[in-house]
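Peer 1: with the sequence up front, the predicted model follows.
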Amino acid sequence: MSTQEASLYESHKKVYPRAVTGRFRSLKWAVMGVCLAFFYLMPLVRWDRGEGVPDQAILMDLAGQRVYLFGLEFWPQEIYFVTGIMVLAMLLLFLATALFGRVWCGYACPQTVWTDLFVMVERWIEGDRMERIRLDRAGWSWSKLRKKAAKHGIWLGIAVASGCAFVGWFADAPRLSHRLVHGTASLTDYGFVALLTSTTYLLGGFAREQVCTYMCPWPRIQSSLLDEHSRVVSYQAWRGEPRGKASDSTAGDCIDCLACVQVCPTGIDIRDGHQMQCIDCSLCVDACDSMMTKVNREPGLIRWESFTGQTQRAAGLPAEWRPVRARTVLYAALLLVVAGVMLTGLTLRQPYHMEVQHDRQPLFVALSGARLRNGYVVKLSNQTRGEQIFTLTVADHPEVVLAIAGEQDGAVHHIRLVAEPDGQTVYHITASLPQSRLNGGTETLTFVLSGGGRPDIRVSDHFFGPVWP
Amino acid sequence: MSNEVEKDKLSGTDTTGHEWDGIKELNTPLPRWWLYTFYACILFAIGYCVLYPSIPLPWGGHTEGLLHYTNRKAIEADLKANAVSARPQYAQVAARDLDAIRADAKLREFAVAGGRAAFAQNCVPCHGNSGQGAKGYPNLLDDVWLWGGSLDQIHQTIRFGVRNANPNSHQGVSMPAWGDAAKNPPQVLAAGQISAVADYVLSLNHGEVDPGSAKAGQAVFAENCAACHGESAEGNQDMGAPPLITGVWLYGGDKASLVETITHGRSGQMPAWSERLDEPTVKMLALYVHQLGGGK
């Protein structure tokens, strides 16, 4: 070896994962199929909501400020439900990690799913590991050019399809795809298609495992969620070492065939122990098992095993697994609590809301006849598709006179408010009281909104008057 | 230091060859494309500097950039586009009379919004940011009006103003300085008479005063004040004479303020806004002020 300076930058070492078959590979194909089908086809699923309302089952209508989720419809002010879904997803991820390590990374993460798809295309066109390595080393020829062009063509096709499917989640997908094809979609639509096309193409085709190693924070966070009872993909060193030929009866079970290294999508050697780059995809388990079967040894040299289990096996004891432990119970309990809160919130959801804001300035207006008047902005939200008429009154204060500012209603104690369908209606309301009714400068008024066949909505606010020295 | 790359025995990782007090730094290199991303950012920054204003110049100002972009130009373009898009409604406001605009919910909403903007630009210095007024500047939210609170009266007042050079402005009658002979009041009142009439006005508003003084003040009032403020102090909008029985005061309602007002007189003014703003804007202002809560 010649002497050299330590480099601060690492040249890209391309990983050429070998094809493998087995139960985990089959599971991974199945999960990939479900995930891709959900992403590409879900925007096309319809859900009838009646006249004039989008009929897309899942739609994030940013322009219309609505999120449609089958029978549910969320407004921007209910963003906490969306936050709740994210918290649930996070807790589910915590629980899954505490139980089975990085199953999410190995099976369901979009980066894994699309990389798998891209590698599948690559393998289909350029052949398996050794053929791909030879092709990359060979000089340029017509056949190499044809293969590379075909591969990148299909990759770009997948990337464009992903871009189009992505924007389909945010607009009426069938009509949007029609516009996209006919060149009549907006520049924003094309911009997002281009963005998602380029990220899919670059991350799936080129960056691949480097996204997991260098970009994603999850491998770092994850180490705090694992413990010695989490089952992760691990090499049974006690059984495998020392490595040797299959014919060597003094050596361990590992025949050093490197099958586990060659199938690894992140290009690591699992026999070095559990490491940051490992995404627990368990393709090495399949590879090792088939090899062990070939040489008539017991499979399971690389297996899903906890650190404790492995130590027990090494000592000749049966491996035990403790899925129920403080950590998993805590995550599961939090999961149930958040799910319970969300369900309760969804069940108690009302279609009408009232918000009352006291005028900032002036706090009160002195009127003739020793009366005081306060102004309020009253916002009525109507989440139904029909106009709704309400009556606004003030509880416990029969002498309060209400009016819609700018309209002469005379001395009335209740006013009629119309809540426009599917939107917010804003009224400027005034309330007046004889000054003598005010004790100490302020009163509390409780506005009561009745109508709509629902329980009354009550909102309290202050009524201000002059504070005498 | 040797040129040999050294391997850390424990972790099996190369070191960078840097050492501080026996502690060696492990080399965990970034991928090279990461470095290229950094170079790409530098290229982007150079392109940005060429296109957009960015570099301060030592003799003042800055480079303008090839696109000559500024936020001010952008907002001016936005405002222009907004004015163009609002032209049809603006023409409607110009063409229709106030009651017709008020009856049309959509147009009224447009006019009130336009009025709110015009109010913020022109009226706020005197009448306050919500129209709440200040001492000497009428509150536009209450139900007491010097020159009338109907939509047409408000419109008239905004158009021509009060006691200015415009021939159509409200002139009414300026309140004389009853205690200052140099200012030519119809008749100078003695300090005692002024105090008495102030007591009388206070008594009309349920103030606690000396009944004798108030009684004396009533006679002074009938003789000097009733001509404008009315027999029972109910006010007169033709003269711009405020009612004195509402408890709502423009210059303060305590004894000292009343004495000061009577002694030195009052003569509020307001510009004729038709001389400064176009007719649709004045209409929009009238509609805005009318719906603040005090409109009749």
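Peer 2: On my side now, so go ahead.

Peer 1: where does the stretch 351-469 of chain A have low pLDDT?
Peer 2: A:408-411, A:468-469 (pLDDT under 70).

Peer 1: return the residues of it in contact with chain B.
Peer 2: A:359-362, A:365-370, A:373, A:375, A:405-406, A:408, A:428, A:430 (C-beta under 8 Å from any C-beta of the partner chain). No exception for glycine: its C-beta is placed from N, CA and C like everyone else's.

Peer 1: ok, now with 7 Å
Peer 2: Listed as neighbours of chain B in the stretch 351-469 of chain A under the rule C-beta under 7 Å from any C-beta of the partner chain: A:Q361, A:P362, A:V365, A:A366, A:L367, A:S368, A:A370, A:R373, A:G375, A:A405, A:G406, A:T430.

Peer 1: so what does the helix or strand hosting B:L287 touch, helix or strand wise?
Peer 2: Applying DSSP states H and E as the criterion places B:L287 in helix B:279-290. When contacts are defined as 3 or more C-beta pairs under 7 Å, 6 or more residues apart in numbering or on different chains; DSSP states H and E, helix B:279-290 sits against helix B:87-95, helix B:98-103, helix B:105-122, helix B:151-160.

Peer 1: for the last one, buried residues please.
Peer 2: The one in question is helix B:151-160. By neighbour count on 16 or more other C-beta atoms under 10 Å in any protein chain shown, the buried set for helix B:151-160 is B:L151, B:Q153, B:I154, B:H155, B:Q156, B:T157, B:I158, B:R159, B:F160.

Peer 1: out of the residues of the stretch 351-469 of chain A next to chain B, which sit inside strands?
Peer 2: Among those, DSSP state E puts A:V365, A:A366, A:L367, A:R373, A:G375, A:T430 in strands.

Peer 1: rewinding a little: winner for burial among the helices and strands packed on helix B:279-290?
Peer 2: helix B:151-160 (a mean of 20; mean count of other C-beta atoms under 10 Å in any protein chain shown).

Peer 1: which element follows that helix toward the C-terminus?
Peer 2: Under the assignment DSSP H and E, the closest C-terminal helix or strand after helix B:151-160 is helix B:191-204.

Peer 1: hmm, who's touching whichever helix or strand comes after that next one?
Peer 2: Following helix B:191-204 in sequence order, the next helix or strand is helix B:211-224 (DSSP H and E). With C-beta atoms under 7 Å, 6 or more residues apart in numbering or on different chains as the test, helix B:211-224 has contacts from B:W178, B:Q187, B:L189, B:Q193, B:S195, B:A196, B:V197, B:A198, B:D199, B:Y200, B:S203.

Peer 1: list the contacts for the second one?
Peer 2: Going back to what we said before, that points to B:Q187. B:N224.

Peer 1: same question for the fourth one.
Peer 2: For B:Q193, the contacting residues are B:V220, by C-beta under 7 Å, 6+ apart.

Peer 1: quick check: the farthest pair among the contacts of helix B:211-224?
Peer 2: B:Q187 and B:S203 (22.7 Å; C-beta to C-beta).

Peer 1: list the buried residues for the helix holding B:L287?
Peer 2: B:P280, B:T281, B:V282, B:K283, B:M284, B:L285, B:A286, B:L287, B:Y288, B:V289, B:H290.

Peer 1: below-threshold pLDDT in chain A: ranges please.
Peer 2: In chain A (pLDDT under 70), the answer is A:1-6, A:408-411, A:468-469.

Peer 1: phi and psi next, for the residue of the stretch 351-469 of chain A found nearest chain B.
Peer 2: Using C-beta to the nearest C-beta, the single residue of the stretch 351-469 of chain A nearest to chain B is A:G406, 2.8 Å away. Dihedral angles of A:G406 (phi, psi; degrees, to the nearest 10) stand at phi 90, psi -10.

Peer 1: can you check B:H18 too?
Peer 2: Phi and psi for B:H18, reported as degrees, to the nearest 10, are phi -90, psi 140.

Peer 1: same thing with A:I302?
Peer 2: The phi and psi values for A:I302, taken as degrees, to the nearest 10, are phi -110, psi 130.

Peer 1: from what I can see it touches A:V232, true?
Peer 2: No - counting by C-beta atoms under 7 Å, A:V232 is not a contact partner of A:I302; they are 10.9 Å apart.

Peer 1: which residue of the two possesses the greater neighbour count?
Peer 2: Set side by side, A:I302 and A:V232 show more neighbours around A:I302, with 26 against 20, by other C-beta atoms under 10 Å in any protein chain shown.

Peer 1: kindly state the beta-bridge partners for the more buried one.
Peer 2: For A:I302, the beta-bridge partners are A:Y235 (DSSP bridges).

Peer 1: which residues sit against stretch B:47-62?
Peer 2: Outside stretch B:47-62, the residues within contact range by C-beta under 7 Å, 6+ apart are B:T63, B:E64, B:G65, B:L66, B:L67, B:Y69, B:T70.

Peer 1: just give the number of residues close to residue 19.
Peer 2: This is for chain A. If you count neighbours by other C-beta under 10 Å, A:A19 ends up with 15.

Peer 1: oops, wrong one, chain B.
Peer 2: For B:E19, using other C-beta under 10 Å, the count is 12.

Peer 1: helix, strand or coil for it?
Peer 2: Under DSSP: H, G, I helix; E, B strand; the rest coil, the three-state class of B:E19 is strand.

Peer 1: that one and B:L30, how far apart?
Peer 2: 21 Å (C-beta to C-beta, to the nearest Å).

Peer 1: picking up where we left off before, hmm, which two among the buried residues of helix B:151-160 are most spread apart?
Peer 2: Across the buried residues of helix B:151-160, the longest distance by C-beta to C-beta is 15.5 Å; it joins B:L151 and B:F160.

Peer 1: without its sequence neighbours, what residue ends up closest to the residue of chain B found nearest chain A?
Peer 2: Per C-beta to the nearest C-beta, the residue of chain B with the smallest distance to chain A is B:Q291, at 2.8 Å. Of all residues not flanking B:Q291 in the chain, A:G406 sits nearest, at 2.8 Å (C-beta to C-beta, 6 or more residues apart in numbering or on different chains).

Peer 1: the one you found and B:G295 touch, don't they?
Peer 2: Yes - in terms of C-beta under 7 Å, A:G406 counts as a neighbour of B:G295; the distance is 6.1 Å.

Peer 1: with neighbour numbers in mind, choose between these two.
Peer 2: In this view A:G406 and B:G295 are compared by other C-beta under 10 Å, and B:G295 has more residues nearby, 24 against 20.
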